[in-house]
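# Quick one, fold the following:
(chains A and B, ligands or ions: 3)
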Amino acid sequence: MGKISLEVNGKKVEKEASDNTLLSTFLREHLQLTGTHIGCDTSQCGACVVHVDGNSLKSCTALAADVNGSKVTTIEGLETNGKMHPMQEAFKKLHGLQCGFCTPGMVMSAVDLLQKNKKPSDTEIRDWLEGNICRCTGYQNIVAAVKEAATKM
Amino acid sequence: MKDFNYHSAKDSKEASKLASSSSAFLAGGMTTIPSMKLGLATYKDLIDIKNIKKLSGIKVSGKSVTIGAATKHVEVSNSKDVKKAIPSLSSLAEGIGDPQVRNRGTIGGSIANNDPSADYPSACIALNATIHTNERKIEAAKFFKGMFETALKKGELIEAIEFQIPEKSSYQKHPNPASRYAIVGVYVAKHKGDVNVAVTGAKSCVYNDKEMSKALSGNFSSSSIDGMDLDSSEMNTDMHASAEFRASLVVTQAKKAVDAC
Ligand SMILES: Cc1cc2nc3c(=O)[nH]c(=O)nc-3n(C[C@H](O)[C@H](O)[C@H](O)COP(=O)(O)OP(=O)(O)OC[C@H]3O[C@@H](n4cnc5c(N)ncnc54)[C@H](O)[C@@H]3O)c2cc1C
Ligand code: FES
Ligand code: FES
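Ligands and ions are numbered 1, 2, ... in the order given. Predicted coordinates:
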């Protein structure tokens, strides 16, 4: 048991949690931020991707304790004043989602890509999304959405 | 996941002092956390080594590239110094898993774990690496002992891995399309005296293929190993590839590597 202090989506939070608390559990169950999804729980699917200190990671494979003191951004933190982030707009406009289960992780991963590579090619987008699995869309519209967002960000 | 005590160590000394027969070091956690979640491993203590400054970073000298054990895959693949000194090592790091795995996973964790399909062990063998621990120096050829087994003693901490810069080298992997682990990966490195052909994914542990090394040391051309019929009796068979297919893939990937040198 220890104290976990994080800055989540711009707000400071402090809560007690047992040492085996995963970051995904901390976000979903301690902070009720259920936008971060759990798909596989075995580090494969990417539904749980969030940003920690500006880099994407799989929150089901990190301990809350080992990111203690960091800045965390989840899907809930992307909007500004009720307005969707350009990546979310692009996914909506170009049908980059169907059931939406993979979408939070897909969007967080794609936003990290554009932080590092402002104009990615189709191949670079597909390579980057290696760790994000979607059972619905067939990926075409996701790639199109990331390209569209790249023109807006 | 069963509960444990989390500790963050300040330096190597503290880390090895905290270690016991029921502890593990926590580097990127990309192996430790999934195996604990699946109940394949349980520990009483996890000793986080990410915050030990001495364990991170990359140093290049005339003859070698030394990488701190807690250096992340993304740091190796982004390093201009590594790209210049040993480009094949930089592209190996870039081909591990996916961006989120590369943002967390470390070189020390990868070689300590010694997964039979992991990429870095082949680089250690091909590039005549020396593994520096808090107690001693171990040659790569003596470090990888068997499936998930290394020469490390309980509580021994890898501090850095020193790679010899080769004249030419290339790593060619045939990845599993889902996990990106190597079904077969071959790292060919031409040093002044001889050629190493390190193979991962094919057997229970990484190895240097003596037959191909000898042929390529005589004549460094893919034609000298073309059609080589490797013994597949000790090779792995699983749902992805049979032993015979792996034997054939080893030659194909080795030829590709030589041609890419
Ligand atoms: C989805 C996925 C895909 C992957 N794909 C690939 C791939 O394509 N190729 C590949 O090679 N790997 C792959 N990996 C593994 C990845 O490269 C990790 O780096 C590796 O699993 C272990 O590194 P880690 O830093 O996460 O170690 P941890 O999980 O933190 O530790 C692993 C083990 O190493 C020990 N350890 C860690 N650091 C040290 C040290 N300095 N000294 C002594 N012991 C130490 C720990 O005690 C523990 O037993 C993949 C992993 C995942 C989850
Ligand atoms: S839930 Fe974390 S990778 Fe699938
Ligand atoms: S939209 Fe259903 S899994 Fe991707």
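# Contact residues of chain A facing chain B?
Within chain A, the positions near chain B by CB under 8 Å from any CB of the partner chain are A:2, A:18-20, A:22, A:41-44, A:46, A:49, A:55-58, A:61-63, A:65-66, A:109, A:112-113, A:128, A:130-132. The C-beta positions use only the backbone N, C-alpha and C, and glycine is treated the same way.
# Of those residues, select the buried ones using a PyMOL command.
Buried residues within the residues of chain A next to chain B, by 16 or more other CB atoms under 10 Å in any protein chain shown, are selected in PyMOL with:
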select buried, chain A and resi 19+20+22+41+43+44+46+49+55+56+57+58+61+62+63+65+66+109+112+113+128+130+131+132
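# Which ones among the residues of chain A next to chain B lie within strands?
Counted as lying in strands by DSSP state E, out of those, are A:2, A:49, A:55-58.
# Where do the domain boundaries of chain A fall?
Per automatic domain parsing, the structural domains of chain A span A:2-77, A:86-152.
# Quick check: which of those domains is nearest to ligand 1?
Of all these, it is domain A:2-77 that lies closest to ligand 1, at 3.8 Å by CB to the nearest ligand atom.
# Pull up the distance across that closest one, start to finish.
25 Å (CA to CA, to the nearest Å).
# got it, and stretch B:13-24?
Terminal residues of stretch B:13-24 are spaced 15 Å apart (CA to CA).
# close to ligand 1, is it?
Yes. Counting by CB under 6 Å from any ligand atom, ligand 1 is contacted by stretch B:13-24 at residue B:24.
# list the buried ones in that stretch?
Quick answer for stretch B:13-24 (16+ other CB under 10 Å): B:15-16, B:18-19, B:23-24.
# Show only the entries of those residues found in strands.
Counting by DSSP E, those place B:23-24 in strands.
# of all the residues in chain A, which ones are close to ligand 2?
Close to ligand 2, as judged by CB under 6 Å from any ligand atom, chain A has residues A:38-41, A:43-48, A:58, A:60.
# rewinding a little: turn the domains of chain A into JSON lines, columns for distance to residue B:191 and mean pLDDT.
Shown next, in JSON lines, are the domains of chain A (distance: least, CB to CB, whole Å; pLDDT from 0 to 100):
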{"stretch": "domain A:2-77", "distance to residue B:191": "36", "mean pLDDT": "97"}
{"stretch": "domain A:86-152", "distance to residue B:191": "31", "mean pLDDT": "97"}
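# between the ones you listed, which one is nearest to residue B:40?
domain A:2-77 (11.2 Å; CB to CB).
# what pLDDT does the residue of the stretch 51-200 of chain B found nearest chain A get?
Distances between the stretch 51-200 of chain B and chain A by CB to the nearest CB are smallest at residue B:98, namely 2.8 Å. On the pLDDT scale, residue B:98 is placed at 96.
# So what's the residue count around it?
22 (other CB atoms under 10 Å in any protein chain shown).
# ok now do it, which residues does it touch?
Residues near residue B:98 by CB atoms under 8 Å, 6 or more residues apart in numbering or on different chains: A:46, A:130-132, B:180.
# again, 7 Å this time
Contact analysis of residue B:98 by CB atoms under 7 Å, 6 or more residues apart in numbering or on different chains lists A:130-131, B:180.
# And it, how far from ligand 1?
6 Å (CB to the nearest ligand atom, to the nearest Å).
# what's the domain layout of chain B?
For chain B, the structural domains run B:5-164, B:168-260, going by automatic domain parsing.
# For ligand 2, find the nearest of those domains.
domain B:5-164 (7.8 Å).
# hang on, residue A:133 packs against residue A:45?
Yes. Between residue A:133 and residue A:45 a contact is recorded at 4.5 Å, counting by CB atoms under 7 Å.
# Between the two, tell me which one has more neighbours.
residue A:45 (22 against 18).
# ok, the more buried one touching residue A:134?
No. Using CB under 7 Å, residue A:45 is not in contact with residue A:134, being 8.9 Å away.
# Which residues are in contact with residue B:4?
A:19-20, B:43-46.
# before we move on, the earlier item: in the buried residues of stretch B:13-24, find the pair that's most separated.
B:16 and B:24 (12.8 Å).
# What is the neighbour count of residue B:188?
34.
# Strand partners (parallel or antiparallel) of the helix or strand where it lies?
For residue B:188, the element it lies in under DSSP states H and E is strand B:182-190. Here strand B:182-190 is paired, per DSSP bridges, with strand B:168-175 (antiparallel), strand B:195-200 (antiparallel).
# CSV please, covering the ones in strands among the residues of chain A next to chain B and showing distance to ligand 3.
As requested, those are arranged in CSV below (distance: CB to the nearest ligand atom, whole Å):
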residue, distance to ligand 3
A:2, 35
A:49, 13
A:55, 23
A:56, 17
A:57, 20
A:58, 16
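# about what we covered before: for the strand holding residue B:188, output the C-alpha coordinates as PDB.
Output of strand B:182-190 as PDB, limited to C-alpha atoms (Å, rounded to 0.1, in the frame of the first residue of the first chain):
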ATOM      1  CA  ALA B 182      11.200 -13.500 -34.200                       C
ATOM      2  CA  ILE B 183      10.000 -16.800 -35.800                       C
ATOM      3  CA  VAL B 184      13.600 -16.800 -36.900                       C
ATOM      4  CA  GLY B 185      16.000 -13.900 -36.700                       C
ATOM      5  CA  VAL B 186      19.600 -14.000 -38.000                       C
ATOM      6  CA  TYR B 187      22.300 -11.400 -37.100                       C
ATOM      7  CA  VAL B 188      25.300 -11.500 -39.300                       C
ATOM      8  CA  ALA B 189      28.400  -9.500 -38.200                       C
ATOM      9  CA  LYS B 190      31.700  -9.400 -40.100                       C
END
